[in-house]
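> requesting a structural model of the entry that follows:
(one chain, ligands or ions: 1)
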Amino acid sequence: MTLREGADPVKGLMGKTAFITGGASGIGYGMAQAFARAGMNIMIADIEQAALDKAVEALNKSANVQVSGVRCDVSLRDSIFEAAQTAFEQFGKVHVVCNNAGIGAGGKMDQATVADWDWVVGVNQMAIVYAVQAFLPHIKEHDEGGHFVTTASMAGMIAAPMVGGPYTATKFAAVGISEVLREELAGTNISASVLCPGFVNTNIGNAQRNRPDRFGGAPDPSKMTAQEKAGQEMVNNFLKGGLDPRIVGELVLEAVKNDWPYIFTDPNMRGAVEKRFAAIMKGFDQAANSEALKAVKA
Ligand SMILES: NC(=O)c1ccc[n+]([C@@H]2O[C@H](COP(=O)([O-])OP(=O)(O)OC[C@H]3O[C@@H](n4cnc5c(N)ncnc54)[C@H](O)[C@@H]3O)[C@@H](O)[C@H]2O)c1
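Numbers count the residues shown, from 1 in each chain. Down below sits the predicted model:
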């Protein structure tokens, strides 16, 4: 299924099944459209029932594949395992797992609450761990090959104060999890890629709509401070100017076929990553010349 096993990638994907979290909207929906066009069956797992029903209906109309949906809160391990079980019952086997559901919350480090952190860590980070636990044994067992696509962000490559500490921390974690997974699976017929989008025109600016009560619930917009409103408006304006999520879906399909470790949507952001790595290298230079480390070097 991946190039690692030398199979024709397109043939490899046709008739296989993709499980996509957060597939009722935005980037996940773009992936579902692209994978369906490539002949894959799709199971969408999403917390938002109305959007889920709409997405499944639209995909079933437009593609000659089986598309199904399951309501799931990815921040709950049991909910992911139940959704996985539903996918196994409906499709028999799952091959591509897209850990894509994500939310943004929490402002500056001294403002983000513990509830903000718990919600963002639950959805953006622990959900990835739960899905690997739910699907990796299954994919190993059917032995037809598989691929994990983890949606991180450019905020997983460079510090992104604009989107806040919790978001940035969990996206760095998402990159790390995907890199470890790929290393651990090297030499097998299962692989892993991490998607690091720049701005994409989606509904993520309105992510609070999906905030479960145990993390404080959806906030009352009338109680937002002027500063919070201005911040949200700025993010929404960047998102509006972002890439069409359908293009991101096609890009992910291309990346899975060709087994890319990193999937970037915005080549212009290369410089920001180079700048970060240059700062890291400078840290090594400082260590090489440090007074405190002289004793170790001798
Ligand atoms: N849009 C961007 O500019 C951008 C940039 C970088 C990374 N990303 C990442 O892309 C991913 C997809 O986001 P998007 O931009 O398409 O936003 P979106 O809001 O359009 O889609 C996110 C989907 O996730 C679902 N979701 C939210 N919480 C959930 C939960 N607890 N359980 C299950 N489903 C849940 C939502 O209902 C929605 O369908 C996220 O991981 C996000 O961090 C987006």
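
> how about the contacts made by residue 163?
104, 153, 155, 235 (CB atoms under 8 Å, 6 or more residues apart in numbering). Quick note: C-beta positions are derived from backbone N, CA and C, even for glycine.

> meant to ask about residue 252
Contacts of residue 252 by CB under 8 Å, 6+ apart are 30-31, 34, 98, 149, 193, 195, 263.

> and the two most separated of these?
For the contacts of residue 252, the farthest-apart pair by CB to CB is 30 and 193; their separation is 15.3 Å.

> which one's more surrounded, the two?
The neighbour comparison of residue 30 against residue 193 (other CB atoms under 10 Å) goes to residue 30, with 26 against 22.

> grab the nearest non-local neighbour of the more buried one.
Of all residues not flanking residue 30 in the chain, residue 249 sits nearest, at 3.1 Å (CB to CB, 6 or more residues apart in numbering).

> tell me the confidence at that neighbour?
Residue 249 carries a pLDDT value of 98.

> and the spatially most central residue of the chain, how far from the ligand?
The chain has residue 151 as the residue nearest its centroid, 1.9 Å off, counting by CA atoms, centre = their mean. The gap separating residue 151 from the ligand is 4 Å, by CB to the nearest ligand atom, to the nearest Å.

> can you tell me the closest non-neighbouring residue to that residue?
residue 100 (4.1 Å).

> which parts of the stretch 1-150 of the chain are helices?
For the stretch 1-150 of the chain, helices defined by DSSP state H, counting those that start in this stretch occupy the ranges 9-13, 26-37, 49-62, 77-91, 114-121, 127-142.

> neighbours around the closest residue to the ligand within the stretch 51-200 of the chain, how many?
Relative to the ligand, the nearest point of the stretch 51-200 of the chain is residue 102 (2.0 Å; CB to the nearest ligand atom). Residue 102 has 27 neighbours, counted by other CB under 10 Å.

> return the residues in contact with it.
Contacts of residue 102 (CB under 8 Å, 6+ apart): 22, 123-124, 151, 153, 204, 207.

> returning to what we had before: highest mean neighbour count out of the helices of the stretch 1-150 of the chain?
helix 26-37 (a mean of 25; mean count of other CB atoms under 10 Å).

> how many other residues sit next to the nearest residue to residue 140 once chain neighbours are set aside?
Nearest residue to residue 140, sequence neighbours excluded (CB to CB, 6+ apart): residue 190, at 7.0 Å. Using other CB under 10 Å, residue 190 has 26 neighbouring residues.

> residues contacting the residue lying closest to residue 122 once chain neighbours are set aside?
Of all residues not flanking residue 122 in the chain, residue 75 sits nearest, at 3.2 Å (CB to CB, 6+ apart). Residues near residue 75 by CB under 8 Å, 6+ apart: 119, 122-123, 126-127, 212.

> ok, which pair from these is furthest apart?
So, these by CB to CB: farthest apart are 126 and 212, at 13.6 Å.

> between the two, which is the more surrounded one?
residue 126 (18 against 15).

> mind listing what that one touches?
75, 77.

> now residue 149
Taking CB under 8 Å, 6+ apart, one finds 31, 96-100, 192-195, 252, 255-256, 263 in contact with residue 149.

> mind redoing it with 6 Å?
98, 193, 252 (CB atoms under 6 Å, 6 or more residues apart in numbering).

> counting only strands, which of those make the cut?
Members of the contacts of residue 149 lying in strands (criterion: DSSP state E): 98, 193.

> ok, and which of the contacts of residue 149 reach the ligand?
Taking CB under 6 Å from any ligand atom as the test, the ligand is in contact with none of the contacts of residue 149.

> out of the contacts of residue 149, which is nearest to residue 83?
residue 98 (12.7 Å).

> neighbours of the closest one, how many?
30.

> from memory it sits against residue 23, does it?
No: when contacts are counted by CB atoms under 6 Å, residue 98 is not listed as touching residue 23 (7.3 Å).

> and the pLDDT for residue 185?
At residue 185, pLDDT is 97.

> burial count for it?
20.

> show the backbone phi and psi for it.
phi -100, psi 0 (degrees, to the nearest 10).

> cool, and residue 24?
Torsion angles, degrees, to the nearest 10, at residue 24: phi -80, psi -10.
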